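K.L.:
I'll drop the sequence and a predicted model, then ask my questions.
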Amino acid sequence: MLTVLSGGTGSRKLIDGLVKIIPQKEINVIVNTADDIEIYGLYISPDVDSVIYTLAGIFDEERGWGIKNDTFNFHEMITRIVPTYSWFHIGDKDLAIHVLRTNLLKSGMKLTEVTKFLCEKLNIDCKIIPMTNDKVTTYIFDGIKKRHFQEFWVLHRGNMPIKSIIFDNIENATPSNEAVEAILKSKLIIIGPSNPITSINPILSLARMKDIIISSEAKKIAISPIVKGSPFSGPAAKLMESLGLEVSAYQVAKIYEDIIDVFIIDENENDDRFKELNIEIVKTNISLKTQEDRIRLAKFIVNNYYK
Ligand code: FO1
């Protein structure tokens, strides 16, 4: 059994490779839910849906989110009448998942149970596990206004000052039981190549989560989301800079240093500061652009740390 900590759009690519070389039922994915947002009364869980759609083979790789070949009739009509969320494009098939999830949550099901239900219906054998069943929300404060992460990133493309990053209610949120069980039962825990600040850190900031990971007998590895100073995608650079952090693989290694054994960096990375860290540094090609990339990196990880 192995468990991937996933958020945003980087880790799902590694998961896409892993399922090609080991049985889905051996793979758990603990997903960030701090990007979740309520729009039109619908509960939307972007990072969970990215993993669900990837494993159901329907993810829209070009767009980078949602379901491939989706239409946007709902979006067109509702924004014609109420333009408030015209910046957040919800596809018609995507909408079906949000309507289902919202109604199942309203009926009293937990987010972890709803996700399990959706996986069963979409023939996904991996366990996709929301990090918590409590409400945690990432806000970006620009010094005047506090904005939901989606508004900061999708509407404003991150073009605003960041005074602080808030994980609202994180102090009262606990890891889901399913997440704890996955971590304690796994032989290998992989922190995926996602933005460490708003995609992975909410998971690690849950009460006792770091202690649970450290107490696990699993091998703990992380893959750098940054190669030679540039992140694969998304807001990582902007977020790290705003926290006064260097945008580098070395900086990411320092963020994870106290909970991992191995940090996998790109073969072209050269930074002799890694020697200062008490983790094993391993070099390989960590690009995840193509299917071949994803399978190659997944094979590297499985052959070295899971077999
Ligand atoms: N990202 C965008 O850049 N533009 C959008 O209109 C958009 C809509 C959207 C709808 C559902 C969903 O699950 C994700 C969506 N995303 C959109 C992506 C989303 O912002 C990111 O996947 C996560 O927040 C990354 O952490």
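P.N.:
That came through fine.

K.L.:
Which positions in this structure make contact with the ligand?
P.N.:
8-9, 35, 44, 46-47, 49-50, 65-66, 88-90, 94, 150, 153-154, 199 (Cβ under 6 Å from any ligand atom). C-betas here are computed from N, CA, C, even on glycine.

K.L.:
ok, I264 touching V227?
P.N.:
No - the criterion here is Cβ atoms under 8 Å, and I264 misses it with V227 at 11.3 Å.

K.L.:
hey, what's in contact with both of these two?
P.N.:
Counting by Cβ atoms under 8 Å, 6 or more residues apart in numbering, the contacts common to I264 and V227 are I286.

K.L.:
Settle it for me: which of these two has more neighbours?
P.N.:
Neighbour count, other Cβ atoms under 10 Å: between I264 and V227, I264 has more, with 26 against 19.

K.L.:
The more buried one bridge partners, please.
P.N.:
I264 has these beta-bridge partners by DSSP bridges: I223, V282.

K.L.:
what ranges do the strands span in this structure?
P.N.:
Along the chain, the stretches classed as strands by DSSP state E are 2-6, 27-31, 37-39, 42-44, 127-130, 137-141, 146-148, 164-168, 188-191, 219-223, 226-227, 230-231, 262-266, 280-284.

K.L.:
Excluding chain neighbours, what is closest to I259?
P.N.:
Distances taken as Cβ to Cβ, 6 or more residues apart in numbering put I213 closest to I259, at 5.1 Å, once the chain neighbours are dropped.

K.L.:
Just give the number of residues close to the one you found.
P.N.:
Going by other Cβ under 10 Å, the residues that sit close to I213 add up to 25.

K.L.:
how close does it sit to the ligand?
P.N.:
21 Å (Cβ to the nearest ligand atom, to the nearest Å).

K.L.:
show me the contacts for the nearest residue to I90 once chain neighbours are set aside.
P.N.:
Distances taken as Cβ to Cβ, 6+ apart place H75 nearest to I90, at 5.3 Å, with adjacent residues excluded. Counting by Cβ under 8 Å, 6+ apart, H75 makes contact with S86, H89, I90, G91, D92.
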